[in-house]
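In: Just to be clear, the model below is a prediction. Sequence and coordinates:
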Amino acid sequence: MAAQDLRSFIARLDAAGQLRRVRAEVSADLEIAEIASRLAASGGPAALFENVAGHTMPVLVGAFASAERMAWALGGASLDEVAGRLAAMVRPPAADAGLLEKLKSAPRLLHLAAAAPRTVRSGPCQDVVHTDDADLGRLPILRCWPGDGGPYVTLGQVYTTDPDGKNRNVGMYRLQVFGPRACGMHWHRDHDGARNYRAWAERGQAMPVAVALGGDPAVTYAATAPLPYGMDELVLAGILRGEAVRVVRGATVPIEVPADAEIVIEGTVDPRETAIEGPFGDHTGYYSAADRYPVLRVTAITHRRDAIYPTTVVGRYPKEDCWLAKATERLFLPVIRTFVPEVVDLNLPLFGVFHNWAFVSIRKTHPYQARKVMHALWGLGQMMYTKYLVVVDETVNVQDTDEVLWRVGAEADPRRDTVLTTGPADVLDHAAPLDAPPGKLGIDATRKLPEEAGGRPWPEPIVPDPEAAARVARRWKEYGFAAAAGPPGPDAP
Ligand SMILES: Cc1cc2nc3c(=O)[nH]c(=O)nc-3n(C[C@H](O)[C@H](O)[C@H](O)COP(=O)(O)O)c2cc1C
Ligand SMILES: [Mn+2]
């Protein structure tokens with residue numbers, strides 16, 4: 001079931017015992033961030049700070065900070081369930097499907113059409129409209145880390161279009177507060193918001209931008225999803241929630257924003273104006289350096305009555321954004337499989353912070369297939385940034401880092417089974433060289449076929465005798481051991 005807005009999601013978290021209302025006075029300067037970090041590290045609840053010093057608006061952090069809450073945000077019980085629903089929805093009928101089968105998929109297509117956003121005339125996000133008196137200082141925007149260049153909006157959905165009003169894009173880019181009516185627009189150059197910006201800049205025109213906070217959490221997730229340029233994130237949100245997102249035209253900009261958002265910051269970006277943005281304590285666990293970015297000049301701040309300010313704190317893992325990334329890993333796995341069908345499972349481990357590590361299992365049928373999979377993944381969307389890529393057999397649980405490293409140790413020869421190549425690095429990768437193409441390392445930790453090992457036969461893994469294992473499990477207590485016997489050895493053929 002989709003949540004209509006952030007409030008209904010908060011109510012759901014509250015009912016499930018996954019929300020703590022904090023009534024003690026707290027500061028938006030460093031204190032809330034420290035609390036959020038501790039909650040994220042310990043798998044704690046979401047927190048709603050109702051008494052933020054100097055502010056009337058409450059602050060919500062950690063709403064997405066577990067696999068379970070992330071799944072609820074997308075209207076499912078688990079991320080795999082949401083992924084299954086999404087994959088079934090977008091899978092076209094097979095070319096050779098019979099007429100009946102094709103007809104059966106028609107309701108699904110209708111469903112897709114119903115997922116496009118629906119324009120409405122008014123919405124609660126404009127209950128209160130500030131134009132000339134708009135002031136970012138009235139929002140409880142957090143400063144997260146001592147070396148941060150200032151306070152940052154971190155969970156904003158940034159709405160842009162191209163100069164023809166087409167190619168709507170929703171991306172999550174941080175905004176550094178520069179003053180009461182100015183903030184930084186930190187869209188990386190290869191993200192879609194920056195692409196729309198360049199199109200306006202080429203025409204020498206100021207670009208209208210709207211930044212929404214809150215609304216159905218599925219919309220907030222969609223802003224982080226790596227969709228190709230031209231694919232509307234609001235359609236993805238509509239598919240995920242099984243219902244169109246209601247949008248309303250901005251108060252001062254020709255940009256549509258979710259009618260049910262909590263807060264909307266509107267403004268224009270003049271291509272001739274840039275400012276120093278940063279430093280910012282980033283999800284790499286390090287400060288990303290200051291650099292020049294465009295400036296949003298605020299024309300309006302609109303909000304709901306009793307608006308809630310949602311935010312997130314990034315930094316050294318694990319933080320809330322890890323779970324947004326996990327949602328993408330699960331939701332986009334079926335997409336990866338349509339291009340690389342031998343892929344069975346994928347783990348972008350939390351410590352890999354999005355791009356540093358990928359563990360992938362494959363159904364291997366031919367020699368050097370692991371290498372084909374590495375190159376395919378390095379050529380697929382944002383997977384191009386993956387620095388270390390480990391390929392294992394389908395029997396390996398890629399969600400278990402210990403098992404993956406055990407297999408690397410056992411199945412790979414460091415010289416024969418590694419692929420050292422080059423390709424683009426994530427802009428946040430401070431280890432990437434500036435004077436040469438960044439490196440990538442692939443490790444083929446699959447069982448080697450005779451053709452791959454100079455004819456050396458590969459040994460069979462040890463598997464317990466099933467009869468003995470069943471008997472021991474049955475008699476475990478009888479032997480006098482306390483705890484129930486664990487499963488037989490970690491191995492399986
Ligand atoms: C909490 C969080 C903060 C992010 N901050 C930024 C940012 O400041 N700049 C940026 O370019 N991408 C940032 N991202 C990543 C983008 O939101 C993500 O790559 C998204 O797919 C970009 O959408 P786009 O391709 O439509 O531009 C952030 C992601 C998360 C989850
Ligand atoms: Mn996009």
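Out: Now that the structure is in, tell me what you want to look at. Just so it is clear, the structure is predicted and the values come from calculations on it, not from any experiment. Ligands and ions are numbered 1, 2, ... in the order given.

In: quick one, phi/psi of V360?
Out: phi -130, psi 140 (degrees, to the nearest 10).

In: any idea how far ligand 2 is from it?
Out: 24 Å (Cβ to the ion, to the nearest Å). Any C-beta I mention is one placed from the backbone N, CA and C, and that applies to glycine too.

In: Double-check that residue against V391; I have them as touching.
Out: Yes. In this structure, V360 is within contact of V391 by Cβ atoms under 8 Å, at 5.5 Å.

In: the more surrounded of the two?
Out: V391 (31 against 28; other Cβ atoms under 10 Å).

In: Other residues contacting stretch 300-307?
Out: 57, 124-131, 134-136, 138-139, 214, 250-253, 261-267 (Cβ atoms under 8 Å, 6 or more residues apart in numbering).

In: and that stretch, how far apart are its ends?
Out: 15 Å (Cα to Cα, to the nearest Å).

In: as a whole number, average confidence for it?
Out: Mean pLDDT, computed over stretch 300-307, is 98.

In: what do you get for stretch 270-277?
Out: If you average the pLDDT over stretch 270-277, you get 98.

In: try stretch 455-466
Out: Rounded mean pLDDT across stretch 455-466 is 95.

In: rewinding a little: may I see the ChimeraX selection of the buried members of the contacts of stretch 300-307?
Out: The ChimeraX command for the buried members of the contacts of stretch 300-307 (criterion: 16 or more other Cβ atoms under 10 Å) is given here:
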select :57,124,125,126,129,134,136,138,139,214,250,251,252,253,261,262,263,264,265,266,267
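
In: So which of the contacts of stretch 300-307 belong to strands?
Out: If you go by DSSP state E, those have 128-130, 263-267 in strands.

In: Select the longest helix from the protein.
Out: Longest helix in the chain by number of residues (criterion: DSSP state H): helix 320-339.

In: Once you drop chain neighbours, what's closest to Q4?
Out: D260 (6.0 Å; Cβ to Cβ, 6 or more residues apart in numbering).

In: quick one: contacts for that neighbour?
Out: So D260 contacts 4-6, 123-125, 214-216, 246 (Cβ under 8 Å, 6+ apart).

In: how near is it to A206?
Out: 28 Å (Cβ to Cβ, to the nearest Å).

In: now swap in V247 and tell me
Out: Distance from V247 to A206, by Cβ to Cβ: 22 Å.

In: check whether stretch 193-206 contacts ligand 2.
Out: No. For stretch 193-206, no contact with ligand 2 is found by Cβ under 5 Å from the ion; the gap never falls below 7.7 Å.

In: buried ones in that stretch?
Out: 193-197, 199-201, 206.

In: Tell me which two of the residues you listed sit farthest apart.
Out: The most widely separated members of the buried residues of stretch 193-206, counting by Cβ to Cβ, are R195 and A206 (16.9 Å).

In: what's the offset of the one helix or strand G442 maps to from the middle of its chain?
Out: G442 belongs to strand 439-444 when assigned by DSSP states H and E. With Cα atoms, centre = their mean, to the nearest Å as the basis, strand 439-444 stands 24 Å off its chain's centre.

In: if we can go back for a sec, looking at the buried residues of stretch 193-206, which are in strands?
Out: Using DSSP E, none of the buried residues of stretch 193-206 sit in strands.

In: from the residues you listed, which is closest to R371?
Out: Nearest member of those to R371, counting by Cβ to Cβ, is R195, at 32.1 Å.

In: what's the neighbour count on the closest residue to that closest one other than its chain neighbours?
Out: Using Cβ to Cβ, 6+ apart and skipping the chain neighbours, the partner closest in space to R195 is Y229 (5.9 Å). Per other Cβ under 10 Å, the neighbour tally for Y229 reads 12.

In: Could you measure from Y229 over to G379?
Out: 17 Å.

In: repeat for I443
Out: 18 Å.

In: higher neighbour count, those two?
Out: Neighbour totals were compared for I443 and G379, and I443 leads with 22 against 12 (other Cβ under 10 Å).

In: Who's the closest spatial neighbour of that one, skipping the chain neighbours?
Out: Counting by Cβ to Cβ, 6+ apart, the residue nearest I443 is V390, at 4.8 Å.

In: And for that neighbour, the neighbour number?
Out: Neighbour tally, V390, other Cβ under 10 Å: 26.

In: What strand or helix carries it?
Out: Per DSSP H and E: strand 388-393 holds V390.

In: Over to V211?
Out: Per DSSP H and E: strand 207-213 holds V211.

In: just the CA coordinates of that strand, formatted as CSV?
Out: Extracted in CSV, the C-alpha atoms of strand 207-213 (Å, rounded to 0.1, in the frame of the first residue of the first chain):
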residue,chain,number,x,y,z
MET,A,207,16.7,28.0,-15.3
PRO,A,208,13.7,27.4,-13.0
VAL,A,209,14.2,24.8,-10.3
ALA,A,210,12.0,23.4,-7.5
VAL,A,211,13.2,21.3,-4.6
ALA,A,212,10.6,19.3,-2.8
LEU,A,213,10.9,17.7,0.6
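
In: which residues touch the helix or strand sitting right after it along the chain?
Out: Sequence-wise, the next helix or strand downstream of strand 207-213 (DSSP H and E) is helix 217-222. For helix 217-222, contacts defined as Cβ under 8 Å, 6+ apart pick out 2-3, 6, 9, 63-64, 70, 73-75, 155, 157, 170, 172, 212, 214, 233-234, 236-237, 240-241, 245, 258, 310, 324, 327.

In: Within its sheet, name the partner strands of the following helix or strand past the longest helix of the chain and how each one runs.
Out: On the C-terminal side of helix 320-339, the closest following helix or strand by DSSP H and E is strand 343-347. Here strand 343-347 has these sheet partners by DSSP bridges: strand 357-362 (antiparallel).

In: Return the angle between stretch directions for the partner strand and strand 439-444.
Out: Strand 357-362 and strand 439-444 are oriented at 30 degrees to each other (axes from the mean of the first three to the mean of the last three Cα atoms, to 10 degrees).

In: What angle do helix 320-339 and strand 357-362 make with each other?
Out: Interaxial angle of strand 357-362 relative to helix 320-339 (the same axes, to 10 degrees): 30 degrees.

In: For strand 357-362, what is the distance to the chain centroid?
Out: Per Cα atoms, centre = their mean, the centroid offset for strand 357-362 relative to its chain is 18 Å.

In: What of stretch 70-79?
Out: The chain centroid and the centroid of stretch 70-79 are separated by 13 Å under Cα atoms, centre = their mean.

In: now stretch 378-392
Out: 16 Å.

In: Export it to CSV, keeping only CA atoms.
Out: Extracted in CSV, the C-alpha atoms of stretch 378-392 (Å, rounded to 0.1, in the frame of the first residue of the first chain):
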residue,chain,number,x,y,z
TRP,A,378,31.4,-1.9,-16.3
GLY,A,379,29.4,-0.8,-19.4
LEU,A,380,26.0,-0.6,-17.7
GLY,A,381,24.8,2.8,-16.4
GLN,A,382,26.3,3.9,-13.1
MET,A,383,27.9,0.4,-12.7
MET,A,384,30.7,1.9,-14.8
TYR,A,385,32.1,3.4,-11.6
THR,A,386,32.6,0.0,-9.9
LYS,A,387,36.2,-0.1,-8.7
TYR,A,388,36.5,-3.7,-7.5
LEU,A,389,34.3,-6.4,-9.0
VAL,A,390,34.3,-10.0,-7.8
VAL,A,391,32.5,-12.7,-9.8
VAL,A,392,31.6,-16.0,-8.2
